[in-house]
Structures are given as structure tokens and as C-alpha cells.
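> Okay, predicted coordinates and the sequence, questions at the end:
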Amino acid sequence: MQDTSEVETFDAAAVNSARVRQPLYAPRKKIFPKRAEGRFRRFKWLVMAITLGIYYLTPWLRWDRGPHAPDQAVLVDIANSRFYFFPIEIWPQELYFVAGLLIMAGFGLFLLTSTVGRAWCGYTCPQTVWVDLFLVIERAIEGDRNARIKLDAAPWSANKLVKRVSKHAIWIAIAVATGGAWIFYFADAPTLLRELVTGKAAAVAYITVAILTATTYVFGGLMREQVCTYMCPWPRIQAAMLDENSLTVTYNAWRGEQRTRHSKKAAAAGQAVGDCVDCNACVAVCPMGIDIRDGQQLECITCALCIDACDGVMDKIGKERGLIAYATLAEYESNMMLATAGGTTPIDPRQVRGADGKLSDRIVSFHPRKLLRPRMLVYFAAWALVGLGLLAALLTRDRLQLNVLADRNPQFVVLADGAIRNGYTVKLLNMIPETRSIRVSLEGLPGGEMTVVGTNHAVGRSFILELEPDRLKTLRVYVRQPRAEVGGRTQHFSFVVEDRSSSESDRYEATFDAPETQR
């Protein structure tokens, strides 16, 4: 039996206990999570650095689009109804791209949750990332878990006041930077920063920063786990996404029970002793204040910090890692049947070990091929199809568009010479940041000619004009047909636009109306 004297025991109880639920309106019990060390904690540091770096730095990236377009790489230009993302420009009528990305995000979240549980919540959710950041500040100023508990219980003093004011001041500074970074996505970042500092920015900019500052400070600094438990709907939805083959953070009771802090005495007395030494390290590091040994719980965000804490303890006592691990329900149930002799006896961890004391080869462990099941393939196929559809639409979309609206009142006018005239509002959209020379012409409608109101274009079946870069141009066009050529009450013809320097073109099928007597 291994010596457990080197294992630190924590006086930590689950605040959000699955065994004893608190009343709904019970006062919040503060959680003081201990800093964890291990591979999952390092992965969380990496994710936090990447996500915060992307969020804070992206508005400052530049992308040259020429003299007629903004050079901010990612910009939601509300004033001009544009969304820029590096070389991609999205117009209002192309918001289906945004809708497609949201659909992809939904399928991606379903796929991720069905595969590895609430990994989004544990690693990349903004609430998790900013709480982690705020905890870094808190530990740097107030110390780790025991120091923070002691400080919280201590009476107010100059030392406590300085630490609390310093902590909250830095939190507020981070919250202000968070709100400020958000509004930089909606205007040129350097220009808006100067306006904010000099007091020249629009009132809506200051209001937005104030709201986001307040929410970041309250959610990340004060409410923390309560946001995930009471405000976020995903913990309730995730249950529908999980099945017996989904990976979740699991306490393997089949090798951990019976837990004891006095394993040598228990073993000497012939008792079945599990690997869990009841040190509460997993509880002490949990940012949600739960005990993973109580089983799957609504509050668990699968951040896996309890795995790091437990693995460290197992290393100290010479046991195999994995007492707390990512595992599937199917694996857990199979191994539990082994530890209970098919469910006929209480848990006896000796059943899962061989004569050499090592874990038995009969233990079922996870293999990546188990992820390739129909549910995962369906989610992945849906995600991939939407992505490929968006990519195909992006690569084949037209950058020159034509739209025509015929006059409804009056539908036609009979001129003095008997000719029939119809009026149209023609809209030409140049969706690139370059000036274009465009030919507008008629196809069909024998004898038809165009007149462009307010311009010096000659009357004829076609005319050429310059389209400004990245702009919509609206023309008032009259189409006239001689009386002798009128072919019926309603005729069909086409407006055609062509870029003279490229092969891009567009057409619009229009109708030409005439009175009944003109047949």
C-alpha cells in the first residue's frame, strides 16, 4: 500500500453539491478555486491567450482594399451597410452568409458537445475565459486559495482595503478594455480611439462601452459560476446532445471507492480500499464549486481542472493517472460491472486489478474510433455541407448586379405620335472597390429605345456609364416603343449590364405594358 502522507488534504466542500441542493433563493456561497497545475490547465492558458489575443488585437489589423474602401481587416461598417472580413466584403443582401455561419456554429456546437461534452463551456466560452482572466488578477493580488479565504474572513484593514481596491480597479480596467475592443469592430479603430479619448466620439459609443464594462465586471468578477448555472441555457440543452458514447469528465468510482484517508489501516483490516484518498483536491480547484465524485452535474463545465489535481495526487502516491478522466458512460458502466462482479457485489477495486497490482487488461478504455458513430457523422456532414455551400456561393457570387422596378402608376404613357412609353427605376450595384465602365442595353422589344433622365446619354438601345467603386447607382429610365412595333398587351424583354473590361454581366427580365387597343 502506497504512502499517502505526502498528499495535501484540503478543507473543501462542494458549494454546489449535487447531494444536497440549496434552496433556489439561498445566499451565494463564495468559491475560492485553488490554482491547478497540469496539461489541461496549460491548455486553458493557451486557449485564453489565443482567444483574448484575437478579441483585443483583431480590430487593429489592416488590409489594403484600395483607395475606395476601408483598410481595417475586420469591420462591421453600419453606416455604409457593409461587413468586411479581410478580402471578403458582405453586402446587406448577402446576409445569408452570416446566417450560414450561424448555422455552422450551431452544428459545430452540437458536434463538439456530443463528442466531448461541454468543452465549449470549459475552454472557449467568453464567460469562462474572462473569469479565468479575473482569477489570475485575484490570485496575483490576494494569493492562492487559503490566502483568499483568510483575507475574505478577516476584518477590514488598510492591507485588505488596498488589495480589494487594487483588484477591482484592474478588473474594471479589463472590463473597459473589453467594451472598448468591441466597439472598435464597428468603426476605424485608431480614429475611434482618438475620438473616445478626446471626448468627440458619438454618445452611442460611450453608452456601449459603459454597458459592456458593467456586464464584463459583474459577470466575470462578481457572479462568475452563477452565470453558467442560472443564466445560461446550454447546461439544460446539452443533455439532449449527450449519449452513452460522449466523452465527459468522470470520476471513476469503480477504482476510487471505497475512498479513505487511511488506506494502510483499512487494507490491514481486510477492507476494500479504492484509489481515492479523499483529499478534496478536485473540489478545491473546481471553479464551479462542485464535487465531481458526486457524478454528472448540471454545473460541471468539463474544464478538466479536477483531472489535473487528481493526476498530481496519483503521481504522489504511485498510482495510475485517470481516477478522474474523460470517459464515456458506456466505458464507465462496463468497468463498474467488472468492479462489482456483474452488479452482484458492492464496488471492490481489487476486481479491476491483476495479481501484480496493476489495472487489469479487461478494463475498457477510450479509443478515438468510437467517435466515428452515426450521430457524429450526421452532425459533421451537416456542418461540412453548409460550409461547402457557403464557400461555393462566395466563390461564384456576382460582383455586378442589376435590379429593375417598373412604374405601377401609370403603367404606360401613350405619346403624341402613338408610341408607348414605360418608366423604370434601374439600380446598378458595383460590389468591388474599383470604378467600372458599364454598358447597359436592351434585348428584345423590337424598335425599343431608352432615355436616361437627367443625363446626356443619347436615345438608343444602349448606353455606357461609369459606376463608382463599391456603390449603388440609381437611374430613371424611359423605354419607348413605336406604335407599329407594339406586339401585345404585355411584352417581355431584358435589361442587360456588362462590364466592358471583364466578362461579368447581369440581366433582368422586365415587362413592357401597352393598352389593349394597341394589339
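Nice, I can see it.

> Only C-alpha atoms from now on, for both contacts and neighbour counts.
Will do.

> any chance you could map the helices in the stretch 301-450 of the chain?
305-317, 329-339, 374-396 (DSSP state H, counting those that start in this stretch).

> Now the ones you listed in JSON lines, please, with extra columns for mean pLDDT.
Shown next, in JSON lines, are the helices of the stretch 301-450 of the chain (pLDDT from 0 to 100):
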{"stretch": "helix 305-317", "mean pLDDT": "94"}
{"stretch": "helix 329-339", "mean pLDDT": "92"}
{"stretch": "helix 374-396", "mean pLDDT": "94"}
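
> Format these as TSV; extra columns: distance to Leu467.
As requested, the helices of the stretch 301-450 of the chain are exported to TSV (distance: least, CA to CA, whole Å):
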stretch	distance to Leu467
helix 305-317	59
helix 329-339	63
helix 374-396	21
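
> so which of those helices is the most packed in?
With neighbours defined as mean count of other CA atoms under 10 Å, those peak in mean count at helix 305-317, which reaches a mean of 23.

> so how far is that one from its chain's centroid?
Taking the mean of its C-alpha atoms, helix 305-317 sits 31 Å from the chain's own mean (CA atoms, centre = their mean, to the nearest Å).

> so what's Lys30 scoring on pLDDT?
Reported pLDDT at Lys30 in the predicted model: 90.

> give me every residue that touches it.
Counting by CA atoms under 8 Å, 6 or more residues apart in numbering, Lys30 makes contact with Val15.

> and it, that's in a helix?
No: under DSSP: H, G, I helix; E, B strand; the rest coil, Lys30 sits outside any helix and is assigned coil.

> For stretch 192-208, what does the pLDDT average out to?
Averaging pLDDT along stretch 192-208 yields 95.

> let me redo that: stretch 122-137
Per-residue scores along stretch 122-137 average to 96.

> How about stretch 98-111?
Here stretch 98-111 scores 94 as its mean pLDDT.

> show me where the stretch 1-150 of the chain has helices.
For the stretch 1-150 of the chain, the helices defined by DSSP H, counting those that start in this stretch cover 39-57, 96-116, 119, 126-142, 145-153.

> tell me which strands and helices the first one is in contact with?
If contacts are counted by 3 or more CA pairs under 8 Å, 6 or more residues apart in numbering; DSSP states H and E, helix 39-57 sits against helix 126-142, helix 158-183, helix 305-317.

> which other residues reach the last one?
I take that to be helix 305-317. In this structure, residues lying in contact with helix 305-317 by CA under 8 Å, 6+ apart are 2-4, 6-7, 36-41, 249, 281-283, 285-286, 292, 320-325.

> so Asp243 is in which element?
Secondary structure assignment for Asp243, by DSSP states H and E: no helix or strand.

> So for Ser494, which of the helices and strands packed on helix 39-57 sits nearest?
helix 158-183 (44.5 Å; CA to CA).

> which other helices and strands contact the very next helix or strand once past the closest one?
On the C-terminal side of helix 158-183, the nearest following helix or strand under DSSP H and E is helix 189-198. Where contact means 3+ CA pairs under 8 Å, 6+ apart, helix 189-198 is not packed against any helix or strand.

> Show me which parts of the helix or strand immediately after helix 189-198 in the chain are buried, residue by residue.
Downstream of helix 189-198, the first helix or strand assigned by DSSP H and E is helix 203-216. Of the residues in helix 203-216, Ala205, Val209, Ala210, Leu212, Thr213, Ala214, Thr215, Thr216 count as buried by neighbour count, 16 or more other CA atoms under 10 Å.

> List just the one of the helices of the stretch 1-150 of the chain that sits closest to Leu391.
Taking CA to CA, helix 96-116 is the member of these nearest to Leu391, at 9.3 Å.

> just checking, what packs against that closest one?
Counting by 3+ CA pairs under 8 Å, 6+ apart, the elements that helix 96-116 packs against turn out to be helix 234-241, helix 374-396.

> do that again at 10 Å, thanks
For helix 96-116, the contact count by 3 or more CA pairs under 10 Å, 6 or more residues apart in numbering; DSSP states H and E identifies strand 88-90, helix 119, helix 234-241, strand 248-251, helix 374-396 as packing neighbours.

> Go through those and name the closest to Arg148.
In this view, these are compared for proximity to Arg148 by CA to CA, and strand 248-251 is the closest at 27.2 Å.

> partners of that closest one, with directions?
strand 324-327 (antiparallel) (DSSP bridges).

> show me the contacts for Val413.
Each residue near Val413 by CA atoms under 10 Å, 6 or more residues apart in numbering is listed here: Ala419, Ile420, Arg421, Asn422, Gly423, Arg480, Asp513, Ala514, Pro515.

> can you list the residues you listed in JSON lines and add pLDDT and distance to Asp470?
Formatted as JSON lines, those follow (pLDDT from 0 to 100; distance: CA to CA, whole Å):
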{"residue": "Ala419", "pLDDT": "93", "distance to Asp470": "38"}
{"residue": "Ile420", "pLDDT": "94", "distance to Asp470": "35"}
{"residue": "Arg421", "pLDDT": "95", "distance to Asp470": "32"}
{"residue": "Asn422", "pLDDT": "96", "distance to Asp470": "29"}
{"residue": "Gly423", "pLDDT": "96", "distance to Asp470": "26"}
{"residue": "Arg480", "pLDDT": "95", "distance to Asp470": "31"}
{"residue": "Asp513", "pLDDT": "93", "distance to Asp470": "33"}
{"residue": "Ala514", "pLDDT": "91", "distance to Asp470": "37"}
{"residue": "Pro515", "pLDDT": "89", "distance to Asp470": "40"}
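
> From those residues, which land in strands?
With DSSP state E as the criterion, strands contain Ile420, Arg421, Asn422, Gly423, Arg480, Asp513 from among the contacts of Val413.

> So in terms of bridging, what pairs with the fourth one?
Looking back up the chat, that one is Gly423. Under the criterion used here (DSSP bridges), Gly423 is bridged to Tyr478.

> one step back: tabulate the helices and strands packed on helix 96-116 (CSV), appending distance to Arg461.
CSV is the format used below for the helices and strands packed on helix 96-116 (distance: least, CA to CA, whole Å):
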stretch, distance to Arg461
strand 88-90, 33
helix 119, 63
helix 234-241, 60
strand 248-251, 69
helix 374-396, 29
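
> Any idea which helix or strand in the protein has the lowest mean pLDDT?
Among the helices and strands of the chain, helix 263-268 carries the lowest confidence by mean pLDDT, DSSP states H and E, at a mean of 66.

> remind me which residues of this protein are low pLDDT?
Scanning the chain for pLDDT under 70 picks out the ranges 1-6, 17-22, 24-25, 262-264, 266-270, 517-519.

> and the gap between the residue lying farthest from the centre of the chain and Ala484?
The C-alpha centroid of the chain is most remote from Asp417, which lies 65.1 Å away (CA atoms, centre = their mean). Going from Asp417 to Ala484 by CA to CA, to the nearest Å gives 11 Å.

> What of Glu449?
Between Glu449 and Ala484 the distance is 14 Å, computed by CA to CA.

> same check, this time on Ala281
Counting by CA to CA, the gap from Ala281 to Ala484 is 95 Å.

> Who has more neighbours out of those two?
A side-by-side neighbour count of Ala281 and Ala484, using other CA atoms under 10 Å, places Ala281 first with 26 against 12.

> ok now do the more buried one, which residues does it touch?
For Ala281, the contacting residues are 7-12, 34, 36, 291, 305-310, 312-313, by CA under 10 Å, 6+ apart.

> repeat that with 6 Å
Residues counted as contacts of Ala281 (CA atoms under 6 Å, 6 or more residues apart in numbering) are Ala309.

> Glu138 too?
With contacts defined as CA under 6 Å, 6+ apart, Glu138 has no neighbours.

> could you redo the last one with a cut-off of 7 Å?
Lys167 (CA atoms under 7 Å, 6 or more residues apart in numbering).

> Now do the closest residue to Tyr55 other than its chain neighbours against Leu112, distance only.
Residue nearest to Tyr55 in three dimensions, not counting chain neighbours: Ala181, with 7.3 Å by CA to CA, 6 or more residues apart in numbering. Ala181 sits 28 Å away from Leu112, going by CA to CA.
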